[in-house]
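[1] Turn this into a model:
(one chain, ligands or ions: 2)
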Amino acid sequence: MALAGKVALVTGGAQGIGRAVAGALLQNAAKVSLVDFNQEAGEQCITCFNQEFGSDNSLFIQCDVTDREKLQDAFKRTVEHFGKLDIVINNAGINNENNWVKTIEVNLTSVVKGTYLGLEHMSKEHGKQGGVIINVSSMAAFLHSPHQPVYTATKYGVVGFTRAIAEASEIENYGVRINVLCPAFVDTPLLQSIDQEEKMGKFYKHKDEIKHRMSIYGVLKPSLIAEGMLKIINDNSLNGAVMKITTSKGIHFQSYEPMSA
Ligand SMILES: NC(=O)C1=CN([C@@H]2O[C@H](COP(=O)(O)OP(=O)(O)OC[C@H]3O[C@@H](n4cnc5c(N)ncnc54)[C@H](O)[C@@H]3O)[C@@H](O)[C@H]2O)C=CC1
Ligand SMILES: CCCCCC(=O)/C=C/[C@H]1[C@H](O)CC(=O)[C@@H]1CCCCCCC(=O)O
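    Ligands and ions are numbered 1, 2, ... in the order given. Down below sits the predicted model:
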């Protein structure tokens with residue numbers, strides 16, 4: 001998919017990985033709608049983007065992705081503003097083992113909802129022109145952490161859901177490619193949650209073990225995740241792909257045994 005003139009919606013786009021991805025899309029002449037609940041970070045981000053890429057190319061929509069009506073409205077406003085939708089990146093995520101219900105809502109339920117909304121606005125089934133959806137999981141879906149059981153569960157869930165719906169898209173000829181990206185540790189504000197007892201809950205006492213893992217595995221730059229994201233968007237052959245990004249192997253793909261039945 002050539003990026004110039006394409007319209008992307010990025011959840012959690014105001015900071016961290018989402019912001020890096022949005023910046024890379026704008027750099028490649030796409031238009032971007034940032035959907036994020038952090039008003040301050042969103043406004044700050046859009047001010048920078050307007051200065052760097054021109055004021056007609058990005059839009060900030062304040063929205064909590066767990067609010068289904070608001071998320072639906074964010075998709076609608078993006079299409080009204082830019083005239084169409086080509087790319088959806090379901091990236092918003094949190095690390096909160098204390099409020100684990102919220103973690104499931106943000107990291108998994110909202111990704112499912114964002115995928116279905118993406119299909120509603122891009123699938124040939126709905127008379128639209130096709131597109132690409134990328135859901136953000138984590139290497140936690142392959143190397144679980146005893147200190148983040150619910151976060152781990154949501155990231156396993158995102159991989160399973162994405163692979164299954166990608167196959168449905170192929171079978172039903174939706175014209176939408178759906179893939180999942182699994183980064184190892186990335187240098188973003190999310191990592192600060194390790195030092196927050198109110199987020200780590202009873203696993204707070206293990207924070208040094210997580211930090212030890214970080215020192216072993218290293219910490220990636222958000223720009224590398226953006227590079228992986230653009231690779232998925234540009235490669236029209238990818239559907240149901242599970243991209244992993246680690247310091248040891250860089251950008252690579254998980255392979256699976258073909259299903260026998
Ligand atoms: N930073 C890391 O080490 C890794 C992050 N990931 C995943 O990457 C994704 C992005 O994470 P980061 O950029 O690191 O985090 P971050 O905390 O830096 O940014 C997340 C963004 O999502 C927004 N957000 C959170 N909850 C929201 C909600 N309910 N509604 C709307 N927006 C919401 C935040 O306001 C923030 O702008 C997440 O899904 C995370 O699980 C995956 C692997 C590693
Ligand atoms: C603590 C909040 C940030 C969580 C970031 C994330 O998604 C974490 C993943 C780690 C998981 O919780 C346990 C880990 O060790 C994960 C990172 C795994 C990196 C593996 C890299 C392997 C390699 O380099 O080959």
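[2] and the stretch 51-200 of the chain, which residues reach ligand 1?
    Taking Cβ under 6 Å from any ligand atom as the criterion, the stretch 51-200 of the chain approaches ligand 1 at residues 64-66, 91-94, 106, 136, 138, 183, 185-186, 188-191. In short, each C-beta sits where N, CA and C put it, glycine included.
[3] what are the ranges of the helices in the stretch 101-250 of the chain?
    110-122, 149-171, 197-200, 207-217, 222-234 (DSSP state H, counting those that start in this stretch).
[4] So which of the ones you listed is the most surrounded?
    Among the helices of the stretch 101-250 of the chain, helix 110-122 has the highest mean neighbour count (mean count of other Cβ atoms under 10 Å), at a mean of 22.
[5] What average pLDDT does that one get?
    Helix 110-122 carries an average pLDDT of 98.
[6] Quick one: work out the angle between that helix and helix 149-171.
    20 degrees (axes from the mean of the first three to the mean of the last three Cα atoms, to 10 degrees).
[7] can you give me the offset of helix 110-122 from its chain's centre?
    How far helix 110-122 lies from its chain's middle: 12 Å, per Cα atoms, centre = their mean, to the nearest Å.
[8] Give me the helices and strands touching it, please.
    Judged by 3 or more Cβ pairs under 8 Å, 6 or more residues apart in numbering; DSSP states H and E, the packing partners of helix 110-122 are strand 7-11, helix 68-82, strand 87-90, strand 131-136, helix 149-171, strand 176-183.
[9] Surely E120 and G131 touch.
    No - with contact defined as Cβ atoms under 8 Å, E120 does not count as touching G131 (11.2 Å).
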